[in-house]
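Q: After the sequence you'll find the predicted model.
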Amino acid sequence: MAKIIPFKAVRPSREKVGLVASRSYEDYPRKELKAQLKFNPFSFLHIINPGYKYQHEVSGVERFQLVKNRYLEFKEDRTFVQDDTPCFYIYQLTTRAHSFCGIFAGASVDDYNNNIIKKHEDTIERREVLFKDYLKTVGFNAEPVLLTYPDNEKIDKIIKKIALNRAEYEFATHDKSVHRFWLIDKQEDISALQKEFDLIAPLYIADGHHRSASSSLLTKELREKNKSYTGNEAFNYFLSYLIPESEVRISEFNRMVKDLNGLSKEAFLIRLDEFFRIENRGKELYRPSKKHHFCMYLDGDFYSLYLRKSLYTFTDALSALDTQILYKTILEPILGISDLRNNKRISYGYGNQNSVKMKDLIDKGTYKVGFGMLPITVEEMKLVANEGLKMPPKSTYIEPKLRSGLTIYEF
């Protein structure tokens, strides 16, 4: 039921791959970004930050065209080369905490449109259109959509067999991660993988909702211009990274709010008491240990908030999510935050020291109150998607975070 296709990837030459591959552009602090651009002429960052060549900030259509120009230069200089035959590609990322291993492939836009590839997040239309226009101008896709599938012994067996061979790429990065990359270029292996995925439905988007939505918009536009399309053209697919559900790691985002919406501390706690059993935990760092238990940091103290389940109605998979419970019981009715995407009074944090960072920012006065919770599980994510519902923004921080510039899909 789920259709995937091999493709002729444009990718770094073997000797330059460690220099080309980069983290996500947004992941670089300004000083580190400048250093990368200054001292590493092979970094993929030069393509997505093309104005650096002229020491000039560019945006909009002008930036899109310059991205395409820098990309063509990387191909002309043989920093990027294209495979002669369509392949699938195995990419293994080993961090200090986890090992992730999945497959780069083309995923079907029709599967996305027909809900064989399921979503769990809302997208913003203007961002969809903007990225669609970007894709149309540059003619390639370098950021894969992360798709999950149920663990499958036959797929695992094929991957393990290929991984016995010498990796096409093997390099380490400054965060002490190791990256390995293999080609699946034998037709029997390609056919076997396609057969297995044809038996799998649905797939789930773990990360990349805007990228997949933009690809769908672009496909629609190109089909309207080319009424004789066959469905086999490259624009009918988008770059994806398929990974077993058991290997996905989900972390939580905390919520930090700048004020108490005009309430005093005492009045705020009284309002919370309607839906929660509240206990002051003092200065000691507190993290919840169960679903529907929350951490709160306010005025120098940690609090535990236990949901009064007899007063809260669970109606569907969305209503049972801790991010939705926090929104419906505190953020919207008490703190007056209805628009979680655009309200500037709320911010989000993630990471290993999430609660400590939240405490520090509140102690400094940047925010007034903060909330933490347990991560959402893959099963909860799937239940929401199966019911056609959408999670609140910043409900999940998904890993793996893939390196940019390893495989590029042209259309």
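A: Looks like it came in fine. Numbering: from 1, shown residues only.

Q: ok, which stretches of the stretch 51-200 of the chain are strands?
A: Taking DSSP state E, counting those that start in this stretch to define them, one finds strands in the stretch 51-200 of the chain at 80-82, 88-94, 99-108, 117-118, 140-141, 145-149, 169-172, 178-184.

Q: Mind listing what's buried along the first one?
A: Which is strand 80-82. Residues of strand 80-82 classed as buried: Phe80 (neighbour count, 16 or more other CB atoms under 10 Å). For the C-beta atoms, the positions are set from N, CA and C on the backbone; glycine is no exception.

Q: helices or strands up against it?
A: strand 10-12, helix 60-76 (3 or more CB pairs under 8 Å, 6 or more residues apart in numbering; DSSP states H and E).

Q: In CSV: the ones you listed, plus distance to Leu93 and mean neighbour count.
A: Putting the helices and strands packed on strand 80-82 into CSV (distance: least, CB to CB, whole Å; neighbours: other CB atoms under 10 Å) gives the following:
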stretch, distance to Leu93, mean neighbour count
strand 10-12, 16, 22
helix 60-76, 23, 16
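
Q: Take those and lay them out in a markdown table including mean pLDDT.
A: Listed next are the helices and strands packed on strand 80-82 as a markdown table, based on pLDDT from 0 to 100:
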| stretch | mean pLDDT |
| --- | --- |
| strand 10-12 | 98 |
| helix 60-76 | 95 |
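
Q: Of the ones you listed, which is nearest His210?
A: helix 60-76 (16.1 Å; CB to CB).

Q: CA atoms only: put the closest one into CSV for me.
A: Extracted in CSV, the C-alpha atoms of helix 60-76 (Å, rounded to 0.1, in the frame of the first residue of the first chain):
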residue,chain,number,x,y,z
GLY,A,60,12.5,35.7,-1.1
VAL,A,61,12.7,34.9,-4.8
GLU,A,62,16.2,36.4,-5.0
ARG,A,63,17.5,34.0,-2.4
PHE,A,64,15.8,31.0,-4.1
GLN,A,65,17.6,31.7,-7.4
LEU,A,66,20.9,32.1,-5.6
VAL,A,67,20.4,28.8,-3.8
LYS,A,68,20.0,27.2,-7.2
ASN,A,69,23.1,28.9,-8.5
ARG,A,70,25.3,27.8,-5.5
TYR,A,71,23.9,24.3,-5.9
LEU,A,72,24.8,24.2,-9.6
GLU,A,73,28.3,25.4,-8.7
PHE,A,74,28.7,22.5,-6.3
LYS,A,75,27.8,20.1,-9.1
GLU,A,76,30.1,21.9,-11.6
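
Q: by contact count, what packs against it?
A: Going by 3+ CB pairs under 8 Å, 6+ apart, helix 60-76 lies up against helix 45-48, strand 80-82, helix 125-138.

Q: Provide the backbone phi and psi angles at the closest residue to Phe44 other than its chain neighbours.
A: Spatial nearest neighbour of Phe44, excluding adjacent residues (CB to CB, 6 or more residues apart in numbering): Gly405 at 3.2 Å. The phi and psi torsions at Gly405 (degrees, to the nearest 10) take the values phi 90, psi 0.

Q: hang on, Glu196 packs against Lys154?
A: Yes. Using CB atoms under 8 Å, Glu196 makes contact with Lys154 at a distance of 5.2 Å.

Q: quick one: which of those two has more around it?
A: Glu196 (18 against 12; other CB atoms under 10 Å).

Q: Let me see the contact set for the more buried one.
A: By CB atoms under 8 Å, 6 or more residues apart in numbering, the contact list for Glu196 reads 152, 154-155.

Q: Going by distance to Arg30, which of these wins?
A: Nearest member of the contacts of Glu196 to Arg30, counting by CB to CB, is Ile155, at 41.1 Å.

Q: Quick check, pLDDT for the closest one.
A: Note on Ile155: pLDDT of 98.

Q: What residues are bridge-paired with Pro399?
A: One thing to correct before we go on: residue 399 is Glu, not Pro. Under DSSP bridges, the beta-bridge partners of Glu399 are Arg249.

Q: Revised request: answer the last question for Ile5.
A: Beta-bridge partners, per DSSP bridges, of Ile5: Gly106.

Q: Tell me, how many residues neighbour the closest residue to Asp122 other than its chain neighbours?
A: Once flanking residues are discounted, Asp122 sits nearest to Lys390: 4.4 Å by CB to CB, 6+ apart. Using other CB under 10 Å, Lys390 has 16 neighbouring residues.

Q: Lys390 touches Glu121, doesn't it?
A: Yes. Using CB under 8 Å, Lys390 is in contact with Glu121, at 5.9 Å.

Q: before we move on, which element is Lys334 in?
A: Wrong residue type there; residue 334 is Ile, not Lys. Ile334 is part of no helix or strand, with elements assigned from DSSP states H and E.

Q: per-residue pLDDT, it?
A: At Ile334, pLDDT is 98.

Q: Contacts only, for it.
A: Counting by CB under 8 Å, 6+ apart, Ile334 has contacts 261, 263, 268, 271-272.

Q: which phi and psi does it have?
A: phi -100, psi -50.

Q: if we can go back for a sec, out of the strands of the stretch 51-200 of the chain, which is closest to Pro333?
A: Among the strands of the stretch 51-200 of the chain, strand 117-118 sits nearest to Pro333 (CB to CB), with 30.2 Å.

Q: hmm, back to that, what residues does the residue nearest to Asp122 make contact with?
A: 119-122, 318, 384.

Q: just His174 next, same as before
A: For His174, no residue meets the contact criterion (CB under 8 Å, 6+ apart).

Q: Can you give me the pLDDT of it?
A: So, for His174, pLDDT stands at 91.

Q: measure it to Lys401 for me?
A: Relative to Lys401, His174 is positioned 14 Å away (CB to CB, to the nearest Å).

Q: do Tyr297 as well
A: Counting by CB to CB - Tyr297 and Lys401 are separated by 27 Å.

Q: So between these two, which is more surrounded?
A: Shown here are Tyr297 and Lys401; by other CB under 10 Å, Tyr297 has more neighbours (25 against 17).

Q: Please enumerate residues in contact with the one helix or strand that one maps to?
A: Element membership for Tyr297, per DSSP H and E: strand 293-298. For strand 293-298, the external contacting residues (CB under 8 Å, 6+ apart) are 265, 268, 276, 286-288, 302-307, 322, 326, 355, 358-359, 362, 368-374.

Q: residues touching the most far-flung residue of the chain relative to its centre, list them.
A: Each residue of the chain has a distance to the centre, and by CA atoms, centre = their mean the biggest one is for Glu266: 38.7 Å. Going by CB under 8 Å, 6+ apart, Glu266 touches no other residue.
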